[in-house]
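[1] I would like to see how this sequence folds:
(one chain, ligands or ions: 1)
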Amino acid sequence: MITEKFVIQGGYPLKGDIFVSGAKNSAVAILPAVLLLDVPCTIENIPDINDVKICMKILKGLGAEIRLLNQKTGKYFVSCGRVTDYYVPYEEAKTMRASYYFLGALLGRCHKARAAMPGGCPLGERPIDQHLKAFELLGAKSTLSGSRRDIVELSAEILTGTVITMDVVSVGATMNAILASVKAKGTTIIENAAKEPHIVDLANFLNYMGAQIQGAGTDTIKIKGVRRLAGNAGEGSTVDYCYSVVPDQIEAGTFMVAAAATRGDVFIHGVIPKHLEAITAKLRDIGVTVEELNDEEAVHVFVEPGKVLHASNIRTEPYPGFPTDMQPQMAVLLTLADDASVITENIWEDRFRYVKELRKMGAKIDITQNGAIVHGNSHLTGTEVNACDLRAGAAMIIAGLIAEGETTITDIFHVERGYSDIVGKLSGTGAKIKKI
Ligand code: EPZ
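    Prediction:
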């Protein structure tokens with residue numbers, strides 16, 4: 001087996017321009033959503049990452065036609081006109097978390113769906129009870145089958161709009177409730193919905209195709225079921241619609257932290273500064289300068305010469321709070337602060353596996369009951385570390401960029417699931433990183 005690694009020579013400040021790709025967590029929901037359309041569509045700004053490749057493999061396996069139209073803009077033609085299957089292959093479902101969106105999309109399309117319980121990053125317990133609750137409230141029956149009882153089977157004679165009150169704020173369950181109800185009979189109301197930009201993006205895409213979804217981005221979403229999703233030019237239209245996926249706020253945030261940690265000076269382009277507010281606020285609190293260039297859809301991140309970075313506490317929360325997906329990267333920056341910072345993780349119970357790896361590099365971090373204390377004034381030294389999950393891998397890269405000497409990162413497939421051309425993008429701003 002070939003094992004690929006990233007090798008980084010630390011100590012070079014990032015300087016220059018980075019362009020952010022489309023959001024992973026939008027693309028992996030919008031692609032399954034095409035199953036609900038009655039016409040083909042074109043979508044651009046789809047990131048070139050492994051989770052998207054798996055999504056496309058599942059779609060093609062179901063009978064969809066997918067053609068790359070423009071590599072540079074990530075533009076694809078997608079048609080699900082010939083899809084008759086509703087079974088997601090076991091291996092593919094297990095490879096990524098977002099395979100659960102095929103449950104909602106297939107249920108909405110053909111009132112039947114079958115997929116294994118989703119895989120994804122090992123972040124502790126990752127139940128899908130709220131997804132199943134939403135499907136059941138809409139009228140579906142769900143059963144678990146297979147020798148490991150890990151295959152979800154859904155079927156419904158009819159899906160009928162209802163009120164779905166989520167017990168926890170869940171991105172995936174909110175998206176799945178939208179997918180399953182967009183063509184249901186009557187009106188569905190999702191209470192205690194998640195508000196992440198990718199939820200708004202999915203709703204915008206579906207509305208663009210003729211859905212009637214109101215309130216995405218707030219905690220109450222109202223979905224009036226429609227019979228057809230044939231585009232806003234009217235039923236039966238054959239017009240070639242193009243939708244653009246929203247920029248990836250976590251990719252942008254990762255580069256913002258990398259710029260700050262290396263005391264660099266970077267313009268990060270193709271972003272929506274509003275989506276970055278929690279990250280921007282935290283960086284400013286630490287002493288990093290962040291300029292929001294709204295007209296240019298960019299942020300400018302730098303650290304003034306001689307500026308001391310300050311400790312700052314972090315509590316992860318659903319959007320618009322500080323994102324859990326930025327917690328490991330921010331922890332690396334906090335190792336450079338002038339004092340200790342407390343991180344409280346409120347979303348995932350096992351999001352601190354990266355701490356063991358950072359300690360190998362000399363970071364001083366204590367694990368607490370639901371968080372960590374990051375002691376500042378650390379001097380990181382390069383060594384071999386593991387990318388335990390996607391964002392842990394991003395944190396290891398940032399650690400490698402600031403460490404003295406050479407850092408080797410293993411299990412980089414985790415990183416490549418969610419970051420498009422990270423080596424190319426970082427190298428373009430002066431980082432010494434290569435994939436071997
Ligand atoms: C999404 O996961 C993202 N993944 C994750 O990104 C991200 O960390 C997470 O949202 C939180 O922002 C995708 O969008 C594909 P949740 P998701 O349902 O939807 C509990 C990354 O690095 N919960 O919002 O699976 C759950 O245990 C990844 O890009 C239930 O109890 O997360 C957690 O504590 C990793 N029952 C909380 O809700 C349910 O049925 C939030 O989870 C569902 C969730």
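[2] Give me the below-cutoff pLDDT ranges for this protein.
    1-2, 120-121, 123, 232-241 (pLDDT under 70).
[3] tell me which element the residue of it most remote from its centre falls in.
    Relative to the centre of the chain, and counting by Cα atoms, centre = their mean, the farthest-placed residue is residue 306 at 34.7 Å. Counting by DSSP states H and E, no helix or strand carries residue 306.
[4] Please report the distance of it from residue 290.
    18 Å (Cβ to Cβ, to the nearest Å). For glycine as for every other residue, the C-beta is placed from the backbone atoms N, C-alpha and C.
[5] Return the set of buried residues in the strand or helix carrying residue 391.
    In this assignment (DSSP H and E), residue 391 forms part of helix 390-402. Burial within helix 390-402, assessed by neighbour count using 16 or more other Cβ atoms under 10 Å, is assigned to 390-402.
[6] give the contact list for the residue in the stretch 201-350 of the chain that the ligand sits nearest to.
    Nearest residue of the stretch 201-350 of the chain to the ligand, counting by Cβ to the nearest ligand atom: residue 325, 4.4 Å away. The contact partners of residue 325, by Cβ atoms under 8 Å, 6 or more residues apart in numbering, come to 250, 253, 391.
[7] Am I right that it sits in a helix?
    Yes - counting by DSSP: H, G, I helix; E, B strand; the rest coil, residue 325 is part of a helix.
[8] quick revisit: and the ligand, which of the contacts of residue 325 contact it?
    residue 391 (Cβ under 6 Å from any ligand atom).
[9] Using CSV, please lay out the contacts of residue 325 together with distance to residue 203.
    Below are the contacts of residue 325 laid out as CSV (distance: Cβ to Cβ, whole Å):
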residue, distance to residue 203
250, 19
253, 22
391, 25
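[10] So which residues on the stretch 301-436 of the chain come close to the ligand?
    Near the ligand, when you scan the stretch 301-436 of the chain using Cβ under 6 Å from any ligand atom, you find 324, 325, 347, 390, 391, 418.
[11] Against residue 217, how distant is the closest residue to the ligand within the chain?
    Here the residue of the chain nearest the ligand is residue 172; by Cβ to the nearest ligand atom that distance is 2.9 Å. As judged by Cβ to Cβ, residue 172 and residue 217 stand 17 Å apart.
[12] In terms of neighbours, single out the busier of the two.
    residue 172 (22 against 17; other Cβ atoms under 10 Å).
[13] which non-adjacent residue is nearest the more buried one?
    Nearest residue to residue 172 in three dimensions, chain neighbours excluded: residue 100, at 5.8 Å (Cβ to Cβ, 6 or more residues apart in numbering).
[14] quick one: strands adjacent to whatever helix or strand residue 16 lives in?
    When elements are assigned from DSSP H and E, residue 16 belongs to strand 15-19. Looking at strand 15-19 with DSSP bridges, its partner strands are strand 265-269 (parallel).
[15] and the next element down the chain from the strand it pairs with?
    Following strand 265-269 in sequence, per DSSP H and E, is helix 277-286.
[16] Pull out the buried residues from the strand holding residue 16.
    By 16+ other Cβ under 10 Å, the buried positions in strand 15-19 come out as 18, 19.
[17] Could you check the angle the following helix or strand past that strand makes with helix 390-402?
    Going down the chain from strand 15-19, the next helix or strand is helix 24-33, by DSSP H and E. Taking axes from the mean of the first three to the mean of the last three Cα atoms, to 10 degrees, helix 24-33 and helix 390-402 form an angle of 150 degrees between their directions.
[18] Tell me the helices and strands packed up against helix 24-33.
    Judged by 3 or more Cβ pairs under 8 Å, 6 or more residues apart in numbering; DSSP states H and E, the packing partners of helix 24-33 are helix 50-62, helix 101-110, helix 171-181, helix 197-208, helix 249-261.
[19] can you redo those as JSON lines with distance to residue 89?
    Shown next, in JSON lines, are these (distance: least, Cβ to Cβ, whole Å):
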{"stretch": "helix 50-62", "distance to residue 89": "6"}
{"stretch": "helix 101-110", "distance to residue 89": "10"}
{"stretch": "helix 171-181", "distance to residue 89": "19"}
{"stretch": "helix 197-208", "distance to residue 89": "23"}
{"stretch": "helix 249-261", "distance to residue 89": "28"}
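[20] is it true that residue 112 touches residue 102?
    No - counting by Cβ atoms under 8 Å, residue 102 is not a contact partner of residue 112; they are 11.6 Å apart.
[21] Mind checking which of the two has more residues around it?
    residue 102 (28 against 15).
[22] contacting residues around that one?
    Counted by Cβ under 8 Å, 6+ apart, residue 102 has contacts 32, 35, 58, 88, 93, 113, 115.
[23] Those residues in strands, which ones?
    Judged by DSSP state E, the contacts of residue 102 include 113, 115 as members of strands.
[24] Going by neighbour count, which of the contacts of residue 102 comes out on top?
    Neighbour-wise, these (other Cβ under 10 Å) top out at residue 32, 30 neighbours.
[25] ok, now how distant is that one from residue 85?
    As judged by Cβ to Cβ, residue 32 and residue 85 stand 13 Å apart.
[26] Could you do residue 288 as well?
    For residue 288, the distance to residue 85 - Cβ to Cβ - is 49 Å.
[27] who has more neighbours, those two?
    Set side by side, residue 288 and residue 85 show more neighbours around residue 288, with 23 against 15, by other Cβ under 10 Å.
[28] Tell me who's in contact with the nearest residue to that one once chain neighbours are set aside.
    Once flanking residues are discounted, residue 288 sits nearest to residue 260: 4.2 Å by Cβ to Cβ, 6+ apart. Counting by Cβ under 8 Å, 6+ apart, residue 260 touches 283, 286, 288, 301, 303, 309, 333.
[29] what's the answer for residue 167, then?
    Neighbour list for residue 167: 129, 130, 133, 192 [criterion: Cβ under 8 Å, 6+ apart].
[30] can we see that at 10 Å?
    Applying Cβ atoms under 10 Å, 6 or more residues apart in numbering to residue 167 gives the contacts 129, 130, 133, 173, 192.
[31] Tell me the one among those residues nearest to residue 211.
    residue 173 (18.3 Å; Cβ to Cβ).
[32] May I ask which helix or strand encompasses the residue nearest to that closest one when sequence neighbours are not counted?
    Of all residues not flanking residue 173 in the chain, residue 130 sits nearest, at 3.7 Å (Cβ to Cβ, 6+ apart). Per DSSP H and E, residue 130 falls inside helix 129-137.
[33] Which positions within that helix qualify as buried?
    Here helix 129-137 shows 130, 131, 132, 133, 134, 135, 137 as buried, counting by 16+ other Cβ under 10 Å.
[34] One more: stretch 63-79?
    Result for stretch 63-79 [16+ other Cβ under 10 Å]: buried residues 64, 66, 74, 75, 76, 78, 79.
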